[in-house]
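I'll drop the sequence and a predicted model, then ask my questions.
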2 protein chains.
Amino acid sequence: MKEITSQQQRVLDCIQIYLNKTGFPPTRADICKELGFKSPNSAETHLRALEKKGFISIEKGTSRGISITNNQEYPTNNDEYPVIGLVAAGSPTLAEENIEKTINCPNSFFESNFDYFLKVKGLSMKDAGIMEDDLIAVKKTTDVKNGDIVIARLEDEVTVKFFKRKSPKIVELEPANEEFENIIINLEQDELHIEGKSVGLLRKN
Amino acid sequence: MKEITSQQQRVLDCIQIYLNKTGFPPTRADICKELGFKSPNSAETHLRALEKKGFISIEKGTSRGISITNNQEYPTNNDEYPVIGLVAAGSPTLAEENIEKTINCPNSFFESNFDYFLKVKGLSMKDAGIMEDDLIAVKKTTDVKNGDIVIARLEDEVTVKFFKRKSPKIVELEPANEEFENIIINLEQDELHIEGKSVGLLRKN
DNA sequence: TATTATACTGTACATATATTCAGTATTTTT
DNA sequence: AAAAATACTGAATATATGTACAGTATAATA
């Protein structure tokens, strides 16, 4: 799948919105009307480009013969995802993976695929909109960037914080709540294990 | 919804199968080919009957302008839920239901069933863990209790707030952010329309 | 520097498609 | 028993629509 341009994205979005609204794909003229083009060939060339890049397929000689390609790298199936609870509050402890229950969820639900839900205890990330009992969709990975919300383990304690690398040896775990303090880790002295990062959040009222 | 005949059911199935296979609806000729009819008018009359009975809707003068009406008497496990955007920030305006896209989601995903996702603008509910661009699962209902997070409309303005009935005539809409002020509504003077209430939240990082 | 991709306008036309009209026949409803 | 709905064939046609061709212009790539 090659890169999409911003205009091609607009056309692709237009097709999707038209489909949602009407139940059938747009004509070239419909796209022009929607996006302000004055020639049907403007739509045509964009469609050809989108087809070439694999985002849509076009049935030749067929009116409205556009279909959006299921570009799923991850298939659109549902899966059972375990819900793992953090045991303690404040600086929470996991001890062992404790599956409370499972949730059936499309596996392409979030931007990235993920491995389990983590049930949040405490309010250390409340200013990031993460509240008690929220379910964080966690992708198991050690590839984290500054600003990512990470699930980190320090010995037996598991915590959810913003990740910030200060220097090659110093990592800071930053809460989103002024009542909590930053955790500063010197990697030469302490062992930090990144369990994964948040790729989404689920709350059930 | 009147009764469907067996032939009309065949036509309806044919449309659904064609849609699943190609991504766009069939023409009259396509239906004929599929079901063995020799005249496009055979398909036409069946389509008219199906439209009259409410199973489909037909866009006049539009090629392949058939869409199957959502008669969700038989709910499936997964459904497509529309994502509706709030246009302005602060005290946001909806104006008209603007379907940005749809999300495929199990229909028993939250405690209660729901009707659509509302994309949040602004931070007026941030202390309730509702951040910009979060998706609130909204159940259309006017049956709300004190403390519920409601989607309320005041004239053309749509807003998400805590619901609090002060007296039979006075309702207060309470934000979860000290930078915002309570909205006090005298039901005798102003018109308050409760669009629904939040039954869950979804965030995509 | 030449070439390809992107991003359009504008015209033209073959054909894909909806849709009407004229029939025939059977079943269901009033 | 008459009227309406169902279930078709067959032909005709206006128009909706895809698509090719001729241009112009800019940005990206080789």
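Cool, the structure landed.

Now A:G85. Nearest residue, chain neighbours left out?
Once flanking residues are discounted, A:G85 sits nearest to A:K119: 4.5 Å by Cβ to Cβ, 6 or more residues apart in numbering or on different chains. Yep, even glycine has a C-beta here, placed from its N, CA and C like the rest.

didn't A:R28 look like it was pressed against A:H46?
No - using Cβ atoms under 8 Å, A:R28 is not in contact with A:H46, being 9.4 Å away.

Same drill for the two, tell me which one is more crowded.
Neighbour tally, A:R28 and A:H46, criterion other Cβ atoms under 10 Å in any protein chain shown: the higher count belongs to A:H46, 23 against 20.

Please name the spatially closest residue to that one (chain neighbours excluded).
Nearest residue to A:H46 in three dimensions, chain neighbours excluded: A:V11, at 4.4 Å (Cβ to Cβ, 6+ apart).

A helix includes the one you found, no?
Yes - remark: A:V11 belongs to a helix, assigned using DSSP: H, G, I helix; E, B strand; the rest coil.

and the gap between the residue nearest to A:G85 and A:D133?
Counting by Cβ to Cβ, to the nearest Å, the separation of A:K119 from A:D133 is 6 Å.

Give me the more crowded residue out of the two.
More crowded of A:K119 and A:D133, by other Cβ under 10 Å: A:K119, with 17 against 10.

So what pairs up with the more buried one in the strands?
Beta bridges link A:K119 to A:G85, A:L135 when assigned by DSSP bridges.

Would you mind naming what in chain A lies close to DNA strand C?
For chain A, the contact set with DNA strand C under Cβ under 7 Å from any atom of the strand comprises A:5-8, A:32, A:36-42, A:45-46, A:49, A:52-53, A:61-65.

care to break chain A down by domain?
Chain A resolves into domains spanning A:6-68, A:78-202 when parsed by automatic domain parsing.

From the chain's centroid, how far away is the longest one?
For domain A:78-202, the separation from the chain centroid amounts to 14 Å (computed by Cα atoms, centre = their mean, to the nearest Å).

Tell me the first helix or strand C-terminal of the strand or helix carrying A:K33.
For A:K33, the enclosing helix or strand under DSSP states H and E is helix A:28-35. Sequence order places helix A:40-52 as the next helix or strand after helix A:28-35, per DSSP H and E.

anything in that next one near DNA strand D?
Yes - contact of helix A:40-52 with DNA strand D (Cβ under 7 Å from any atom of the strand) involves A:P40, A:N41, A:E44.

Closest to chain B out of those?
Distance to chain B across the residues of helix A:40-52 next to DNA strand D (Cβ to the nearest Cβ) is lowest for A:P40, with 14.5 Å.

Contacts only, for the residue nearest to that closest one when sequence neighbours are not counted.
Take A:P40 and drop its neighbours on the chain: the residue closest to it by Cβ to Cβ, 6+ apart is A:R28, 4.0 Å away. A:R28 sits next to A:P40, A:N41, A:A43, A:E44, A:L47 when contact means Cβ atoms under 8 Å, 6 or more residues apart in numbering or on different chains.

need the residues of chain A near DNA strand D, please.
Residues of chain A lying near DNA strand D (Cβ under 7 Å from any atom of the strand): A:27-29, A:40-41, A:44, A:58, A:60-65.

Narrow those residues to those that are buried.
A:T27, A:R28, A:S63, A:R64, A:G65 (16 or more other Cβ atoms under 10 Å in any protein chain shown).

hang on, isn't the third one packed against B:T62?
When you say that, I think you mean A:S63. No - using Cβ under 8 Å, A:S63 makes no contact with B:T62, being 9.1 Å away.
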